[in-house]
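1. okay, sequence plus prediction incoming.
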Amino acid sequence: MLRGGEGAQRARPKVDRDGARDALKVVLQTVFAKEDFWAGQAEAICEVLAGRDCAVLLPTGAGKSIIYQLAGLCLPGRTIVVDPIIALIEDQIRGLKIHGIDRVTGISSQTTRQGQTGQLLAEVANADSYFVLVAPERFQDQRFRDALKELVQTTPVNLVVVDEAHCVSEWGHDFRTAYLNFGKLVRDKCKSPGGTSPPILALTGTASRVVLK
């Protein structure tokens, strides 16, 4: 796990890690029916709760999703999750619903083809969903930006999650240009009226330290 970025520079309250882990374990057991944290999960959640940016490298199947899901539920506000492909968005939504978390909005090219965009953007603007899952290109859509602007007037964005974060480095320069300057973009579009930007949590199962940085 690496700390860093603009979020790490902001003054944040200290987190009692032992006390926090005990409290988080109760949520883990109650909501997610897991007996205990796996390696790296609790540490990453504590970083997020302290308001710090961090990049988490854990193998596939090691429970990366629970990091953002649990942190997002514990923090006031709504969580934005950025996934590079539709299948991942759908998989994350299924995983949340399995644990009884159904206040989730996923916006993709598929939902656009189905004519659901207006309804889903209204859910975002009205803060109806605890978790909003989108592709990085969605931040270039003015309607989505307007929905975010309306959202933060009533409730903060508590966390921005970049799933499969190695794509920022591997795809951002020529294939998925929406990843270019992505950090600055989401800080600007997701900041509160008072000017506070949410921490960014980058999750990946395959990246070198150079790519993580």
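-> That came through, no problem.
2. when you work out contacts or count neighbours from here on, use the C-alpha atoms and nothing else.
-> Noted.
3. confidence score at the residue lying closest to S109 once chain neighbours are set aside?
-> Among residues not flanking S109 along the chain, I86 sits closest, at 7.9 Å (CA to CA, 6 or more residues apart in numbering). I86 carries a pLDDT value of 93.
4. now for I86: which residues touch it?
-> 108-110, 135 (CA atoms under 8 Å, 6 or more residues apart in numbering).
5. tell me the SS of the residue nearest the centre of the chain?
-> To find the centre residue of the chain, average its C-alpha atoms and take the closest one (CA atoms, centre = their mean): that gives V161, at 2.3 Å. For V161, the secondary structure call by DSSP: H, G, I helix; E, B strand; the rest coil comes out as strand.
6. I'd assumed P198 was in contact with it.
-> No. The pair formed by V161 and P198 falls short of the contact definition of CA atoms under 8 Å, at 10.0 Å.
7. just to revisit the earlier point, quick one: contacts for the residue nearest to the centre of the chain?
-> If a contact means CA under 8 Å, 6+ apart, then V161 has 68, 79-82, 200-203 as its contacts.
8. buried ones in the longest helix seen in the chain, by neighbour count?
-> What stands out as the longest helix in the chain, according to DSSP state H, is helix 17-32. Within helix 17-32, the residues that qualify as buried are 21, 24-25, 27-28, 32, counting by 16 or more other CA atoms under 10 Å.
9. list the contacts for P59?
-> Taking CA under 8 Å, 6+ apart, one finds 204-206 in contact with P59.
10. any weak-confidence spans in the chain?
-> Counting by pLDDT under 70, the ranges of the chain that qualify are 1-18, 169-177, 207, 212-213.
11. helix or strand next in line after the longest helix of the chain, which one?
-> Towards the C-terminus, the helix or strand next in line after helix 17-32, according to DSSP states H and E, is helix 41-49.
12. follow-up on the earlier one: between the buried residues of helix 17-32, which is closest to G194?
-> For those, the minimum distance to G194 (CA to CA) is 28.5 Å, reached by L24.
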